Structure formats: C-alpha cells, structure tokens
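[1] Attaching a predicted model along with its sequence, questions to come.
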Amino acid sequence: MYPDADSEQIDFFREHGYLVVKQAIPQADLDELEEHCDVLIAQKHELANDWAWSSDESRENRSFRIVQSSPSKVWADIADQPYRKWLARFSSQLMALDMAFWYDQFLGKPPGHGAATEWHQDEGYWGRNLEDRGITGWIPLQAVDVVNGCMHFIDGGHRLGILPHKLVEGVQSDLLTCEVDETRTVVCPMQRGDVAFHHSKTPHMSTPNSGPAWRKAVTNHLQQRGAGGEGGHYPWRVKVNQRTGERKAVGGMGEENS
C-alpha cells in the first residue's frame, strides 16, 4: 500500500527541501515501469534525446550520454498507474498545495559512459510561472549510489531563491548548470522502491555512471493544479530541437507567463 506523508516527513521536506521515502513503490509496479523504459533505451534514436549531447558530435553520431525521453510515449495506460496517483497525493501533502501530475522523463545513463547531470534548479528551466509551485518525484529503477548516479541535494537550498544558471560548456543540448555551496551537499544513495522528492527550487545533481549496468530513473514533475506550466523564462533558457538541431532562446526578463 502506498504511504501517506507523516508529520515528520512533511516537516523535514519543508526544512530541507528534499525527502527520500523508503520503499514507497512495490517492486511489481517498478518492473512494469522498467519494461517500458527499456523500450526507450532500445529505440533511443527514434524516441529519445541525448540530454548531454556533446558539441563535437553530429546529430547522427550522438553518443547518448544521458538518454532523455518519457515512458508516457510507450505506455498508453500510464496515467492510471497507482504510482502516478500516489505521487500527486504525497506531493500535495508535502507542499500543502493541490498538486497535479505535469510530465515525466526517463533519464538513462549508460554503463561507464553516462554523463553527470549538473547542479541546477528545476525552476531554472521552468521559469517564474512555477515559482514555489512545483515538486519532483525521482524514481530509480535500481539501487543507486555515487558510482552509478544517485541524487545529490543542497540542504535547505529551496530557500536561496533562483540562482543564476548558464548552459553547460561543451554540450549542445539545453543542459543548464548553476554554482552552489557544495559544503551543503547531501548525497542520497537509494534502493529500488525508494522515491526522492525535491522542491522546484532545491539545487540538485546526479553523478556520472561509472558502474557496470545502465542507471535508469524516471523523474515525475508535478505543479500546483491550474498553474499553467512553464513560462516567464529566465534569460539563460534555451530550447534545442534535437531532430533539427535548431536552438531557440526563450528567456527574457520581460517575457509574459504562458
């Protein structure tokens, strides 16, 4: 049975900006999710982007250091799955807001080759429209640690406001990064079945995968119901179409929310 958030978990999340929930998702539910994510890996050239697409690689020769896609592309009934409904309920309890599922991403790092996901805040991508109105639930599909790419958070970083971001050097995807006080880093090794939640302002990153197997994870992004999604983007925000290679700057101090 999927748990509810207790008072200690709620207090911890609001103080620290993140929370790891132990053994929240049954293994059978994860097995089904992983089967669909394996399709994304097998068909990555058709169904995925390389979120760490190197600037010295052509589109045809992308090495897919971070396979970025969505299980929603290949699972017609995903919206009805118990874990999705639980994410909305648990997130609402943590945020004290009516949270609704927004979108998900599969992020797969190949063995011995996967890149780091650099320090960033989700609101740095989403823009001002979702200020303090977003949360992410990160689901690993295997045990994770610093060897294969576990999550790292900046303790209490959701109280720091939005940090300046920039594009990652040497990468031609839209990967962003920001500078953080790494003395406040909390490393979060997790077991299969655990879920890590973080506030949309909490700086976070994950390490490269130097392990012997794929590191597979599904990020689930939720927003306050009726918030309207991303908008009011910051000046650093760029979107890259990996089908065409087109780069489009969407940020600007005067942009209206949309």
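    Now that the structure is in, tell me what you want to look at.
[2] all helices of this structure, in order?
    According to DSSP state H, the chain carries its helices in the segments 7-16, 27-42, 44-47, 82-95, 122-126.
[3] Flag every buried residue along the third one.
    This points to helix 44-47. Neighbour-count burial for helix 44-47, counted by 16 or more other CB atoms under 10 Å, picks out K44, L47. Where you see a C-beta, it was placed from the backbone N, CA and C, and this is true even at glycine.
[4] Let me know which of the helices of the chain is the nearest to G114.
    Smallest distance to G114 across these (CB to CB): 11.7 Å, for helix 27-42.
[5] For the closest one, list every residue counted as buried.
    D29, L30, E32, L33, E34, H36, C37, D38, V39, L40, I41.
[6] Give me the nearest residue to P140, chain neighbours excluded.
    With sequence-adjacent residues excluded and distances taken as CB to CB, 6 or more residues apart in numbering, P140 is closest to A217, at 4.9 Å.
[7] what does H120 give?
    Using CB to CB, 6+ apart, the closest residue to H120 is L176 (5.0 Å).
[8] I figured the one you found hits E123, correct?
    No - counting by CB atoms under 8 Å, L176 stays clear of E123, with 10.9 Å between them.
[9] For the residue nearest to H120, list each beta-bridge partner.
    L167 (DSSP bridges).
[10] how close does it sit to E169?
    12 Å (CB to CB, to the nearest Å).
[11] One more: W53?
    In this view, W53 and E169 are 13 Å apart by CB to CB.
[12] Give me the more crowded residue out of those two.
    Neighbour comparison, W53 and E169: the larger count goes to W53, with 24 against 7 (by other CB atoms under 10 Å).
[13] can you give me the strands for the stretch 101-250 of the chain?
    117-120, 134-140, 151-154, 165-167, 176-178, 185-188, 195-199, 204-206, 215-224, 238-240, 247-249 (DSSP state E, counting those that start in this stretch).
[14] May I see these arranged in CSV, with mean neighbour count as well?
    Formatted as CSV, the strands of the stretch 101-250 of the chain follow (neighbours: other CB atoms under 10 Å):
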stretch, mean neighbour count
strand 117-120, 21
strand 134-140, 26
strand 151-154, 24
strand 165-167, 17
strand 176-178, 20
strand 185-188, 16
strand 195-199, 25
strand 204-206, 24
strand 215-224, 23
strand 238-240, 16
strand 247-249, 11
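[15] For the protein, give me the ranges with low pLDDT.
    Scanning the chain for pLDDT under 70 picks out 252-258.
[16] tell me, what residue is most central in it?
    The residue lying closest to the centre of the chain (CA atoms, centre = their mean) is T219, at 4.3 Å.
[17] Which residue is the nearest non-sequential neighbour of it?
    Q105 is the one closest to T219 (CB to CB, 6+ apart), at 4.7 Å.
[18] surely the one you found meets S72?
    No - look at Q105 against S72 with CB under 8 Å: they stay out of range, at 9.4 Å.
[19] The two: who's more crowded?
    The neighbour comparison of Q105 against S72 (other CB under 10 Å) goes to Q105, with 19 against 15.
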